[in-house]
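Colleague: Model the following, please.
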Amino acid sequence: MFKVIENFLPEKEYTNIHTLLTNEHFPWYFNNYKSSSTMQELFDYQFVHIFYRDNNSNSNFFNKLDPLIKKLKPLSLLRIKANLNPISNELIKFDKHQDHPFKCKVAIYYLNTNNGYTMLEDKKVESKANRMVLFDSSIYHYGTNSTDSNNRIVINFNYF
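Modeller: Predicted coordinates:
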């Protein structure tokens, strides 16, 4: 159903990507929704950075993801998007969804360790720094924020 890979990158490569995305000058963009195009709930928002979409690099930082892309070995990229979910007093479960309505691969790379998680149907994958989870886009999933870290950061890859 899915595959979890611990210590996906060597420590130095992980640290470089983590430092980039947690730097105060990294451009995060506000989305007032999570997995649908309409605003739903009070905490249904996140900050995003789209590295790649529509067959093109969408970010000056796209090349910084080379270690991840080389290890995933995609035939073709669809989208690469980083999500930052801020802390709250209660753990918020976001809407269950599929990333695309067609068959492709999904990889979620966790940038920090916290008590947030990704739920893949009935299986929980905890947020742990430098962990990668791989699964088919047909699997419904949802993520959460965290209550024990200032934020929860993941990079979501959709590819063939």
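
Colleague: List the contacts of the longest helix seen in the chain.
Modeller: Ranked by number of residues, the top helix in the chain under DSSP state H is helix 11-22. Outside of helix 11-22, the residues within contact range by C-beta atoms under 8 Å, 6 or more residues apart in numbering are 8-9, 26, 49, 61, 64-65, 67-68, 82, 84, 111-112, 129-130, 153, 155. Yep, even glycine has a C-beta here, placed from its N, CA and C like the rest.

Colleague: Now with 6 Å, please.
Modeller: By C-beta atoms under 6 Å, 6 or more residues apart in numbering, the surrounding residues in contact with helix 11-22 are Lys64, Pro67, Leu111, Asn130, Ile153.

Colleague: what mean pLDDT would you report for that helix?
Modeller: The average pLDDT for helix 11-22 rounds to 98.

Colleague: Next, the contact list for Tyr109, please.
Modeller: Met132, Ile155.

Colleague: run the last query once more with 7 Å
Modeller: Tyr109 is in contact with Phe8, Leu68, Met132, Val154, Ile155, counting by C-beta atoms under 7 Å, 6 or more residues apart in numbering.

Colleague: And the strands in this protein?
Modeller: With DSSP state E as the definition, the chain shows strands at residue ranges 2-5, 29-31, 46-53, 56-57, 77-86, 105-110, 117-120, 123-126, 131-136, 141-143, 151-159.

Colleague: CSV for those, including mean pLDDT?
Modeller: Shown next, in CSV, are the strands of the chain (pLDDT from 0 to 100):
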stretch, mean pLDDT
strand 2-5, 98
strand 29-31, 93
strand 46-53, 97
strand 56-57, 98
strand 77-86, 97
strand 105-110, 98
strand 117-120, 98
strand 123-126, 98
strand 131-136, 98
strand 141-143, 95
strand 151-159, 98
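
Colleague: wait, which of those strands is closest to His97?
Modeller: Smallest distance to His97 across the strands of the chain (C-beta to C-beta): 6.7 Å, for strand 141-143.
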